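[1] Fold the following and give me the result.
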Amino acid sequence: MTHPPVPQRRIGQSELTSSVFALGSWHIYDRMHFEDSVKMVRTAIDRGITLFDVGVYAAPGSPPAFTDVLFSAIIRAAGVARDEYLLSEKLWLEGWDDSTGFRSQLDGALFRVGAEHADLVVLGDLRRDDVALRDIVTNLAELQRDGLIRAWGVNNWSASNVQALLDIAATEGLPGPAMAQLKYSVSRRSIPDGAPFAKLWDQGLSMQASDVMEGGYLAGKIATDREVGRDPGGIRERIIIDVPAFVTLAEELGATPAQLAIAFTLTHPATANTLFGASSVAQLEANLGSLELLDRVGAAELRARVEPFWADRGLVDPEGP
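    Modelled structure (predicted):
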């Protein structure tokens with residue numbers, strides 16, 4: 001069966017154009033049989049997915065993670081050339097070096113993944129106040145000038161801090177953030193749909209929707225033993241309570257809950273891509289069915305139908321963290 005390729009969208013004001021889906025790792029490859037992961041990545045490439053996030057989440061003192069190392073072997077075994085995909089890495093302010101900035105951290109990440117450059121880097125949560133934003137912008141510009149990155153973005157930063165980055169970049173004549181990775185789902189909408197970020201979308205910033213299935217709950221599960229991200233607003237219990245009704249709505253629309261959750265994220269005009277993980281070819285193919293759902297139902301109707309599941313309305317500051 002022939003499938004239409006996954007659509008492409010530009011990432012902010014950068015030179016990058018990626019598939020509307022980004023395949024994330026979140027240490028998934030650590031838990032898969034190697035042969036299965038090769039088949040899944042090969043299928044993703046064949047279906048038109050071009051963006052792969054292999055950022056490692058491993059705190060100091062925790063067990064080592066090998067997802068990015070495995071990805072380097074997976075991509076070779078799948079017969080995928082470097083110019084056939086975009087590589088996204090995570091950089092952490094916790095690892096900022098006063099003399100080299102992010103460079104040594106990036107060098108290590110690229111060594112682990114077996115690549116000479118990252119197409120996109122995403123800065124992790126802003127948990128330090130002793131690093132000047134101007135230093136961040138200039139350091140990333142140096143990395144871009146040296147061919148180590150092509151564009152950059154931030155993960156769950158406040159709208160005011162993102163605006164500050166954009167202002168510094170404009171003043172200095174340097175590349176600013178092209179993308180903000182934000183929690184965005186039928187349940188968590190207050191920040192991406194709020195007025196502060198709307199001003200940033202109007203300036204050409206793009207969004208990467210993440211945590212779109214709330215660790216599996218919005219895929220129809222009422223329990224999970226998987227690690228789930230932070231719970232801004234303390235709404236997770238409300239999300240779990242809503243699961244049966246959300247499953248019913250998905251069935252009414254002729255879709256799976258995961259397809260409905262993913263399709264919703266693509267209705268936001270600022271969404272450049274939606275980040276999700278998959279652990280099998282079957283799961284990947286099922287998730288891609290969200291495109292058919294969106295095309296069949298339409299963005300306006302879909303947003304209206306999921307409105308009752310907006311759980312963080314009025315509970316989370318739309319300015320962000």
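[2] all contacts plus neighbour counts: C-alpha atoms, from now on.
    OK.
[3] the strands in the stretch 51-200 of the chain, which residues?
    According to DSSP state E, counting those that start in this stretch, the stretch 51-200 of the chain carries its strands in the segments 51-53, 86-91, 118-123, 149-155, 179-183.
[4] Show me the contact partners of the third one.
    Contact partners of strand 118-123, identified using C-alpha atoms under 8 Å, 6 or more residues apart in numbering, comprise 16, 86-93, 110, 148-155, 181.
[5] Point out the other helices and strands that the helix or strand hosting Gln259 packs with.
    Using DSSP states H and E, Gln259 maps to helix 257-265. Using 3 or more C-alpha pairs under 8 Å, 6 or more residues apart in numbering; DSSP states H and E, the elements in contact with helix 257-265 are helix 236-252, strand 271-276, helix 281-288, helix 290-297, helix 299-306.
[6] Please identify which of these is closest to Asp312.
    Closest to Asp312 of those is helix 236-252 (C-alpha to C-alpha; 9.3 Å).
[7] What helices and strands are in contact with the closest one?
    Judged by 3+ C-alpha pairs under 8 Å, 6+ apart, the packing partners of helix 236-252 are helix 257-265.
[8] Only the buried residues of the helix it packs on, if you could.
    Neighbour-count burial for helix 257-265 flags Pro257, Ala258, Gln259, Leu260, Ala261, Ile262, Ala263, Phe264, Thr265 (criterion: 16 or more other C-alpha atoms under 10 Å).
[9] now it and helix 290-297, what's the angle there?
    Helix 257-265 runs at 70 degrees relative to helix 290-297, counting by axes from the mean of the first three to the mean of the last three C-alpha atoms, to 10 degrees.
[10] Of the contacts of strand 118-123, select the buried ones using a ChimeraX command.
    To isolate the buried members of the contacts of strand 118-123 in ChimeraX, using 16+ other C-alpha under 10 Å:
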select :86,87,88,89,90,91,92,93,110,148,149,150,151,152,153,154,155,181
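[11] how about TSV for the buried residues of helix 257-265, with distance to Ala219 and pLDDT added?
    Putting the buried residues of helix 257-265 into TSV (distance: C-alpha to C-alpha, whole Å; pLDDT from 0 to 100) gives the following:
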residue	distance to Ala219	pLDDT
Pro257	5	97
Ala258	4	97
Gln259	8	98
Leu260	9	98
Ala261	7	98
Ile262	9	98
Ala263	12	98
Phe264	13	98
Thr265	14	98
